[in-house]
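Participant: curious how this folds, go ahead:
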Amino acid sequence: MMLLGSTDTILPHASAYARPILFAAPLMMSSLVMNNILRYEGKASFAMIGLVTGGVLNIVLDPLFIFVFRMGTGGAGLATALSQCISFFILLSMFLRGKTVSQFRVTEITRAPRDYLLIFTNGAPSFGRQGLNSIGGMLLNIAAREYGDAAVAGMSIISRIFLFILSVAIGVGQGLQPVAAFNYGAKKYRRVRQAAIFTIFAAFCFVCVLNVVCWCNSETLIHLFRDDPEVLAVALPAFRYQCLAMFLQPVIVVTNMMFQSIGKSGRATFLACCRQGVCFIPLILTLPHLLGLPGIEMCQPIADTLTFFISVPFLLPFLHKLNQMEEA
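Facilitator: The predicted model follows:
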């Protein structure tokens, strides 16, 4: 927890929260695999049932364990672990009951190295994105703890709020992936182009609405997490900066996910590593030393802006190329 940026006062709570989740981690990862299989089979409703059930259950169990059973942050961790385990069994039951095309049979496990290489290659963008998100969050916490618990809490709150908005863009982008994959494989290149453009506009509309709501209720949202003037003083400027940068996310997300879904793993991996790796990590290691706390508050918005300008030269020529491929 200290390596992840915890302070001495936060450490007991962070450890208590993490332990149950670490025990449930293998099932949580398996749920992600089954969820993706269901989506690629066109059974998004089944995938949604498993994920939403776990999410709703988590919301119900959190206050029960924290306040009624007085388990504190350990109770929150236990609620998350239990909820995710139940999601796992719901998703698994769909496979065991024959509701899917894919079946789990030990005898059918591939022994071909090429298959494993393909899995790791296609998964590299997601691995890079999520892995660097964790490293970026760790470095952000380490930089913020120099300014006390209020700074750590403030930046953590901003991360949680905008993770929700980003999740909307990612969710819309994930909806593009099977469409792009199927049509690219069928050589329906114009459909891939049209789907990508539609997805960018759809994600942009969702993000715009959420951004406006968040901007107009910024102080209220921060107070929902922590009613502390010191935390608000840190979080509010970062909140405003990040609101502006969120308008760029649809292009970043769709570009990355389109390349990943059609097998352009090299480009997809590079773009996935840009936001929290290529752009964010150098900024979080330098800006706090140059600008102090404002440098920490501006790191993510600047990284998002740089990632946008890196993504556009990948996206536009490829969309033009898809038109040419269709005509050929």
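
Participant: okay, CA-based contacts and neighbour counts for the rest of this
Facilitator: Noted.

Participant: any weak-confidence spans in this structure?
Facilitator: 328 (pLDDT under 70).

Participant: so in it, which helix runs the longest?
Facilitator: Counting residues, the longest helix found in the chain (DSSP state H) is helix 149-185.

Participant: how far out from the middle of the chain is that helix?
Facilitator: Put simply, helix 149-185 sits 4 Å off its chain's centre (C-alpha atoms, centre = their mean, to the nearest Å).

Participant: swap in stretch 70-81?
Facilitator: Stretch 70-81 has its C-alpha centroid displaced from the chain centroid by 22 Å (C-alpha atoms, centre = their mean).

Participant: need the residues that contact that stretch.
Facilitator: Residues from elsewhere that reach stretch 70-81, judged by C-alpha atoms under 8 Å, 6 or more residues apart in numbering: 13-14, 16-21, 23-24, 58, 61-63, 65-66.

Participant: if we go to 10 Å?
Facilitator: Stretch 70-81 is contacted by residues 12-25, 27-28, 54-55, 57-67, 69, 83-85, 87 when judged by C-alpha atoms under 10 Å, 6 or more residues apart in numbering.

Participant: out of the residues you listed, which sit inside helices?
Facilitator: 12-25, 27-28, 54-55, 57-63, 83-85, 87.

Participant: out of the residues you listed, which are buried?
Facilitator: 13-18, 20-21, 24, 27-28, 54-55, 57-58, 61-63, 83-85, 87 (16 or more other C-alpha atoms under 10 Å).

Participant: which parts of the protein are helices?
Facilitator: Using DSSP H, helices in the chain cover 11-40, 44-63, 72-96, 113-145, 149-185, 189-216, 218-225, 229-246, 249-261, 265-273, 280-291, 293-327.

Participant: format the ones you listed as CSV; extra columns: distance to residue 1.
Facilitator: Compiled in CSV, the helices of the chain are given as follows (distance: least, C-alpha to C-alpha, whole Å):
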stretch, distance to residue 1
helix 11-40, 7
helix 44-63, 22
helix 72-96, 14
helix 113-145, 9
helix 149-185, 13
helix 189-216, 30
helix 218-225, 21
helix 229-246, 21
helix 249-261, 30
helix 265-273, 24
helix 280-291, 19
helix 293-327, 20
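
Participant: and of those helices, who's closest to residue 5?
Facilitator: With C-alpha to C-alpha as the measure, helix 113-145 is the member of the helices of the chain nearest residue 5 (4.3 Å).

Participant: what is the closest one packed up against?
Facilitator: helix 149-185, helix 249-261, helix 265-273, helix 280-291, helix 293-327 (3 or more C-alpha pairs under 10 Å, 6 or more residues apart in numbering; DSSP states H and E).

Participant: looking at the helices of the chain, which is buried most?
Facilitator: helix 249-261 (a mean of 25; mean count of other C-alpha atoms under 10 Å).

Participant: mind giving me the packing neighbours of that one?
Facilitator: Using 3+ C-alpha pairs under 10 Å, 6+ apart: helix 249-261 touches helix 113-145, helix 149-185, helix 189-216, helix 265-273, helix 293-327.

Participant: 7 Å instead?
Facilitator: If you count contacts as 3 or more C-alpha pairs under 7 Å, 6 or more residues apart in numbering; DSSP states H and E, helix 249-261 packs onto helix 149-185, helix 189-216, helix 265-273, helix 293-327.

Participant: what is the orientation angle of the first one with helix 11-40?
Facilitator: Spelled out, it's helix 149-185. 10 degrees (axes from the mean of the first three to the mean of the last three C-alpha atoms, to 10 degrees).

Participant: begin at 28, not 1, for the rest of this chat.
Facilitator: Sure thing, new numbering starts at 28, so read that last one as helix 176-212.

Participant: any idea of the angle helix 176-212 forms with helix 216-243?
Facilitator: Using the same axes, to 10 degrees: helix 176-212 against helix 216-243 is 160 degrees.

Participant: just checking, what packs against helix 176-212?
Facilitator: Under the contact definition 3+ C-alpha pairs under 7 Å, 6+ apart, helix 176-212 sits against helix 140-172, helix 216-243, helix 256-273, helix 276-288.

Participant: can you list these in JSON lines and add distance to residue 332?
Facilitator: Converted to JSON lines, the helices and strands packed on helix 176-212 look like this (distance: least, C-alpha to C-alpha, whole Å):
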{"stretch": "helix 140-172", "distance to residue 332": "16"}
{"stretch": "helix 216-243", "distance to residue 332": "15"}
{"stretch": "helix 256-273", "distance to residue 332": "6"}
{"stretch": "helix 276-288", "distance to residue 332": "9"}
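
Participant: please identify which of the ones you listed is closest to residue 122.
Facilitator: helix 140-172 (20.2 Å).

Participant: helix 320-354 and the closest one, what's the angle between them?
Facilitator: 150 degrees.

Participant: how far out from the middle of the chain is helix 140-172?
Facilitator: 11 Å.
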